[in-house]
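Enquirer: here's my sequence, what's the structure:
(chains A and B)
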Amino acid sequence: MSPLTTRSRSLAWGLSLLLALAPAALRAQAPPPPSADGSTPEGIQVPKPPFSEGIFPCTNCHDGKTVKLNTQRRQLKDMHEDIVLKHGPASRWCLDCHDAKDRDKLHLVSGEKIDFTVSYRLCGQCHGDKYRDWRVGVHGKRTGYWNGQKQYLLCVNCHNPHSPHFRPLKPLPPPTPPQLIQGTKGGSR
Amino acid sequence: MTDELNPRGPHEPCDCEGEGSRRLFLGTAVAAVAGALTGCGKISREEFLQHNFRELSKDEVNSVIARLEQEYREKYGKEVHVGNEPPLPGVIFGYALDLSRCVGCRRCVYACVKENNQSRDPQIQWIRVLQMDKEDGVDLQHANQYYNPEEVPEEGHFYMPVQCQQCSNPPCVKVCPVGATWREKDGIVVVDYNWCIGCRYCMAACPYGARHFNWGEPHVPSADVNPETHYLGNRPRPKGVVEKCTFCIQRTRKGRYPACVEICPTGSRKFGNLLDPKSEIRYILENKRVFKFKEDLNTKPNFFYFYGV
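Expert: Sure thing, here's the model as predicted:
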């Protein structure tokens, strides 16, 4: 084992010790895994899913009391009207992916409930080729250490799940043509 | 003689030698000559007498690094660390760039400039992004590096970033008359800026336009200087030497990804150890459609282009 992994392992131990010693009150109010960067059950390091500010946990509102469950397909008016659904067939809608009973989870076609931190499993149901490439580090981005701990970006860190097409970017400035660089060649400086 | 030895351009007029007696001059020891010369020139006696990096003993490397760090401290008013990590055993670096994903946003160009202390003025950039027509494929005659639309990618175009291809058979190394550039064991082609004489043969030999010359005194604002450097990589360069991409040697030899890999918003850039069968790079080489740029020149790059979709 390389010294790097040993170090990160001991770091992880230290962290878990710290967490265990943290005040019980703090632990009680902490939401489940999605709250922080962390590793998924498979040990894949992922960043926090890109929730809109203050929107998670969803059960703050969708607790079955404040907002009653309504499985009717409809145009949303009171909330989430900013979400433009442009993902696959027009028949797709919220509860295809979001779980109606446990709003802090997503669900797979099989009905299995999953956390937002492993949303890639949900995406992988249809985008199998991309999922396969992502798992081996070809699709998507990894940061960190090429020979050690890596952080993966989740699908949703680059693709808005509601309208996944990659958004165009403003390019940074083009290089200065050589004839314009000439003016300062070894000159003033 | 002295001008030939001095890699920093013309020898400036000297007023410290007074009478200039030829006999006196000849009688002086070489070191003393160098010392006297450097009293008028810009480089120190130690720098003038420094050998090729590959010939230095451990102690000499340490004293060279100490001297450079002192120099940078005075120039930039902050601590700059100059490392000299050797190649990692069992590692040959490979790089792959996904042409089907690159959108030509140039984030990599500027991340590289920042990480590697490239001169801001006169401008030096190690990565060039070429815009090409999808219709024509890779056609260098009609490639455009000055595109500047509101948004990229533009319809009907694709983008091909070009930087040093870290050739296994590097023409630039072959032509260097002084051995100031060489290929390290991990496949990185490096330059000893203190040994480079600035003849630019390597630039003429490189078919990728990957080498860049410091025509003027490189200028990097002190606040923007990246203090984590490597002797053979991103340490601040003097005027009159050639520089190039080193796969971020200061990062990759410590296990980190290069700066361009970490900044790319589309994840088009892949990096890893070619000798590790489980690496991302090996997966790409074994499973994707891959090509080498200008393969017919037999430069044998360790930089690959591929189509991820």
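Enquirer: how close does the residue nearest to B:Y231 when sequence neighbours are not counted get to chain A?
Expert: With CB to CB, 6 or more residues apart in numbering or on different chains as the measure, B:N84 is the residue that lies nearest to B:Y231, at 4.7 Å, once sequence neighbours are left out. For glycine as for every other residue, the C-beta is placed from the backbone atoms N, C-alpha and C. Computed with CB to the nearest CB, to the nearest Å, the distance linking B:N84 and chain A is 19 Å.
Enquirer: could you do B:P171 as well?
Expert: From B:P171 over to chain A (counting by CB to the nearest CB), the distance is 22 Å.
Enquirer: near that residue, how many other residues are there?
Expert: Counted with other CB atoms under 10 Å in any protein chain shown, residues neighbouring B:P171 total 17.
Enquirer: helices along the chain, start to end?
Expert: Since no chain was named, I'll use chain A. Taking DSSP state H as the criterion, chain A contains helices spanning A:3-21, A:24-29, A:119-124, A:128-135, A:155-158, A:178-181.
Enquirer: looking at chain B here, not the other one
Expert: So, for chain B - with DSSP H - the helices run B:2-5, B:22-27, B:30-40, B:45-49, B:58-76, B:107-115, B:171-175, B:201-205, B:249-252, B:259-263, B:280-287.
Enquirer: who wins for proximity to A:H107 among those?
Expert: Distances from A:H107 to each of the helices of chain B were compared using CB to CB; the minimum, 30.7 Å, belongs to helix B:280-287.
Enquirer: give me phi/psi at the residue sitting nearest the centre point of chain A?
Expert: Taking CA atoms, centre = their mean, the centroid of chain A lies closest to A:P49, which sits 2.9 Å from it. Note on A:P49: backbone dihedrals following degrees, to the nearest 10 are phi -60, psi 140.
Enquirer: who are the contact partners of it?
Expert: Residues near A:P49 by CB atoms under 8 Å, 6 or more residues apart in numbering or on different chains: A:34, A:56, A:116-117, A:119, A:154, A:156-157.
Enquirer: now do B:I92
Expert: Taking CB under 8 Å, 6+ apart, one finds B:185-187, B:273-275, B:302 in contact with B:I92.
Enquirer: run the last query once more with 6 Å
Expert: By CB atoms under 6 Å, 6 or more residues apart in numbering or on different chains, the contact set of B:I92 is B:186-187, B:274-275.
Enquirer: which residue is nearest the centroid of chain B?
Expert: Geometric centre of chain B, nearest residue: B:K244, 2.4 Å, by CA atoms, centre = their mean.
Enquirer: quick check: pLDDT value at that one.
Expert: For B:K244, the pLDDT comes out at 97.
Enquirer: and for the one 10 residues further on?
Expert: With respect to pLDDT, B:K254 has a value of 97.
Enquirer: repeat that for A:I44.
Expert: Among the per-residue scores, A:I44 holds a pLDDT of 78.
Enquirer: how much space between B:E150 and chain A?
Expert: To chain A, B:E150 is 7 Å away according to CB to the nearest CB.
Enquirer: count of residues packed around the spatially closest residue to B:V103 that is not a sequence neighbour?
Expert: The shortest distance from B:V103 to any residue that is not its chain neighbour, by CB to CB, 6+ apart, is 4.4 Å, and that residue is B:P153. The burial metric for B:P153, expressed as a neighbour count using other CB under 10 Å, is 20.
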